[in-house]
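>>> Got a sequence here, can you build the structure:
(chains A and B)
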Amino acid sequence: MSQFSLSRFTRVIQNDALRIAKPVVFGTLALLGLTVLIYLTNFTAGHVTDPPVHEVLFGIFLVGAGLIVTSMAFQDMHHPLERYQYLMLPCSNVERILSRYLLTGPLFILYAVVAFSGMDWLGNLLTDAWKGAREPLFSPFSVSAVVLLRVYLGVHIVMLTGAICFRSYALIKTALSVILLLVGLAATSYVATRIFYWDAFTWNRFGPDDDSLNMLVAPIFTATWANVAVVTGFALWILYVAYRCLSTHEVQDEL
Amino acid sequence: MIHVENLGFRYKRRGNALFSNLSLHLPAGTLCGLLGANGAGKSSLLKILSGLSFTQHGQCRVLGHEPARRTPEFLADVFLLPEEFQLPAIEAAAYAERFGTLYPRFNRDQFDHLLDELQVPRPQKLNTLSQGQKKKVLLAFGLATNARLLIMDEPTNGLDIPSKSQFRGLLIDHFDTERSFLISTHQVHDLQGLIDSVMVLAQGEILLHATVEALESRLQITVEPAAPADALYAEKSLEGFKVIRENEGGQESRLDLELMFGLVTKGPLKVRELFRPEARA
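Below is the predicted model of the structure:
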């Protein structure tokens, strides 16, 4: 047996999918109800909402629900009575982590797109039948949807790492950690900028008045698929290292 | 099967080392009882052997694997029945389907047969079963995985009297020279007549590891009205004093695990002297 076996991985991911299936289905039904209710109360004949309601709802579904599901991805590993079963299953750490990454990341995106498209279609159908009002259907290829998908892929990996690191309240603790980290980075960057570009710094701009620096820095923050892939690859590596370290300490101190 | 040398272990959040120089060797085909007082580190040792806890120093090899690496091969060959656990809200058949398929030698028919033998009610969601019934399900599952090493932590806790007898019977039925069962318990009576070797863990080390046969041939247990001066250990009982002496006359007596545990924990030097390799020769 190796660290990765496709047949074994298939069984691991099936198990993990069954574990989260029930809460995901109930969550979807709740969101379906919310979608229909919002469509019925917001849509009027001859008018189109701006920004489109489906954009906001898809954001809630994908990022909101997705992050909640992700924050609970390793709940069984942290549960004192369930962790034995999870940790003693004959599969590798690579398979464990990849399964939960795929389920809460790319596969959740796929699920969210399909489920939300259905909700949007049903909501429109009901609103059309009841009020004679409908709006353009949701498209996962629209600019705003694609931006949301990219944002989710980036934020998801951070939340998954938080789900491993924090034994309880992973969602809140991860969010707070990220905020603290960003504030720290911003403060450090600000101080560094003031030190290295003192002469170029003006109070009218947050940063140096130097186009070459902007040209150097700007592409890093542009959300191209290449950047997302690099960031995701890097984050996956961090995630795996975190998983290996944390699963050991976790068990050692709490079992 | 299990080879541990100079193992050192401490919990990071606690102070002192639990084990500083622990060594043990357990061959294949052993049904071994692990005894120790509360806090002696029995459960910790079982977790180390299962790959759930990680040692600070020393060597630990189980079935030729380093448990801390937690490879799928290792995990497929070791089954841990913990003292306390939770089962998912699914039926036994679904449980076998979901988790059994990950064990290469899992035998579904054997699992079903064992559940019948243990009279586990079916179909019923596992999370709604009593703790004793849950333990039976996991024991049946563990045996059906055909893992070469079955590690059990207080397996008889929560079992009623008939179930304890069933438990002993099942272990004997499923025991063979390729498999080993390591059972940690406080309920020494539950192991009486079941195990073929005993390990006593105290003061961070294995104070005694001997076969039942060796213990029975080297120790003599009698009941006497008073505690004699030449006794290795004596304990008050309803009939008088249960006394352990060195067996010099060659008379065989049945091992009393509880008494033997008292001897080992209260007079470890005497025991080491008696069971050191030269003394056994």
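
>>> Let me see the ranges of the helices in chain B.
Counting by DSSP state H, chain B has these helices, from start to end: B:42-50, B:72-77, B:92-99, B:108-117, B:131-144, B:161-173, B:188-191, B:212-218, B:257-266, B:268-275, B:277-280.

>>> Pick the most deeply packed of those.
helix B:42-50 (a mean of 24; mean count of other Cβ atoms under 10 Å in any protein chain shown). For glycine as for every other residue, the C-beta is placed from the backbone atoms N, C-alpha and C.

>>> Alpha carbons of that one, as PDB, please.
C-alpha atoms of helix B:42-50 as PDB (Å, rounded to 0.1, in the frame of the first residue of the first chain):
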ATOM      1  CA  LYS B  42      -1.800   1.800  30.200                       C
ATOM      2  CA  SER B  43      -4.000   3.800  27.900                       C
ATOM      3  CA  SER B  44      -1.100   6.000  26.900                       C
ATOM      4  CA  LEU B  45       1.000   2.900  26.000                       C
ATOM      5  CA  LEU B  46      -1.900   1.500  23.900                       C
ATOM      6  CA  LYS B  47      -2.100   4.800  22.100                       C
ATOM      7  CA  ILE B  48       1.600   4.800  21.400                       C
ATOM      8  CA  LEU B  49       1.400   1.300  20.000                       C
ATOM      9  CA  SER B  50      -1.600   2.300  17.900                       C
END
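
>>> touching chain A at all, that helix?
Yes - with Cβ under 8 Å from any Cβ of the partner chain as the threshold, helix B:42-50 lies in contact with chain A, specifically through B:Ser43, B:Lys47, B:Ser50.

>>> Equivalent analysis for stretch B:177-185, please.
No - with Cβ under 8 Å from any Cβ as the criterion, chain A is not reached by stretch B:177-185; the gap is at least 13.9 Å.

>>> Show me how far that stretch is from its chain's centre.
In terms of Cα atoms, centre = their mean, to the nearest Å, the centre of stretch B:177-185 is found 6 Å from the chain centre.

>>> Can you list the neighbours in contact with it?
Contact with stretch B:177-185 is made by B:1-2, B:26-36, B:42-43, B:45-46, B:49, B:147-156, B:171, B:175, B:191, B:194-195, as judged by Cβ atoms under 8 Å, 6 or more residues apart in numbering or on different chains.

>>> what residues are up against B:Ala147?
B:Ala76, B:Asp77, B:Val78, B:Phe79, B:Tyr103, B:Arg105, B:Arg179.

>>> any idea how far the second one lies from chain A?
Computed with Cβ to the nearest Cβ, to the nearest Å, the distance linking B:Asp77 and chain A is 8 Å.

>>> Show me what the mean pLDDT comes to for stretch A:100-117.
Model confidence over stretch A:100-117 averages 95 on the pLDDT scale.

>>> Next: stretch A:38-47.
The average pLDDT for stretch A:38-47 rounds to 82.

>>> Over to stretch B:186-198?
Stretch B:186-198 carries an average pLDDT of 86.

>>> okay, how far is it across that stretch, tip to tip?
Across its full length, stretch B:186-198 reaches 13 Å between end residues, using Cα to Cα, to the nearest Å.

>>> So what touches it?
In this structure, residues lying in contact with stretch B:186-198 by Cβ under 8 Å, 6+ apart are B:26, B:30-33, B:35, B:38, B:154, B:156-157, B:164, B:167-168, B:171-172, B:183, B:185, B:208-213, B:215, B:255, B:257-258, B:260-261.

>>> run the last query once more with 6 Å
Residues outside stretch B:186-198 that contact it (Cβ atoms under 6 Å, 6 or more residues apart in numbering or on different chains) are B:Thr30, B:Leu31, B:Cys32, B:Gly33, B:Thr156, B:Lys164, B:Arg168, B:Thr211, B:Val212, B:Leu257, B:Glu258.

>>> again with stretch A:92-111
With Cβ under 6 Å, 6+ apart as the contact definition, stretch A:92-111 has outside contacts at A:3-4, A:9, A:12-13, A:16, A:66, A:69-70, A:73, A:149, A:156, A:240, A:243, B:72.

>>> is the helix or strand A:Ala21 falls within anywhere near chain B?
Secondary structure from DSSP states H and E places A:Ala21 in helix A:6-42. Yes - counting by Cβ under 6 Å from any Cβ of the partner chain, chain B has neighbours in helix A:6-42: A:Arg11, A:Asn15.

>>> Next, the angle helix B:92-99 makes with that helix.
Here the directions of helix A:6-42 and helix B:92-99 differ by 110 degrees (axes from the mean of the first three to the mean of the last three Cα atoms, to 10 degrees).

>>> Toward the C-terminus, what is the element adjacent to helix A:6-42?
The helix or strand immediately downstream of helix A:6-42 is helix A:53-59, counting by DSSP H and E.

>>> Write out the residues of the stretch 1-150 of chain B neighbouring chain A.
Proximity of the stretch 1-150 of chain B to chain A is assessed by Cβ under 6 Å from any Cβ, with B:11-13, B:47, B:52-54, B:72-73, B:75-76, B:80, B:82, B:84-86, B:98, B:101-102 identified as the residues in range.

>>> What sits closest to residue 130 if chain neighbours are left out?
Just going to use chain A. Spatial nearest neighbour of A:Trp130, chain neighbours left out: A:Leu40 (6.5 Å); criterion: Cβ to Cβ, 6 or more residues apart in numbering or on different chains.

>>> Wait, chain B was what I had in mind.
B:Gly158 (7.5 Å).

>>> now swap in B:Glu216 and tell me
In space, and not counting its chain neighbours, B:Glu216 is closest to B:Leu255: 5.1 Å by Cβ to Cβ, 6+ apart.

>>> Could you do B:His3 as well?
B:Arg61 (4.6 Å).

>>> Tell me the confidence at the residue nearest the centre of chain A?
When chain A is reduced to its mean C-alpha position, the closest residue under Cα atoms, centre = their mean turns out to be A:His156, at 2.9 Å. Reading off the confidence values, A:His156 has pLDDT 90.

>>> list the contacts for it?
Contacts of A:His156 were listed using Cβ under 6 Å, 6+ apart, and they are A:Thr70, A:Gly105.

>>> hmm, try it at 8 Å
Taking Cβ under 8 Å, 6+ apart as the definition of contact, the neighbours of A:His156 are A:Gly66, A:Leu67, A:Thr70, A:Thr104, A:Gly105, A:Phe108.

>>> try A:Gly59
A:Leu148.

>>> now swap in B:Ala234 and tell me
B:Ala234 makes contacts with B:Glu224, B:Ala227, B:Pro228, B:Phe241, B:Lys242, B:Val243, B:Ile244, as judged by Cβ under 8 Å, 6+ apart.
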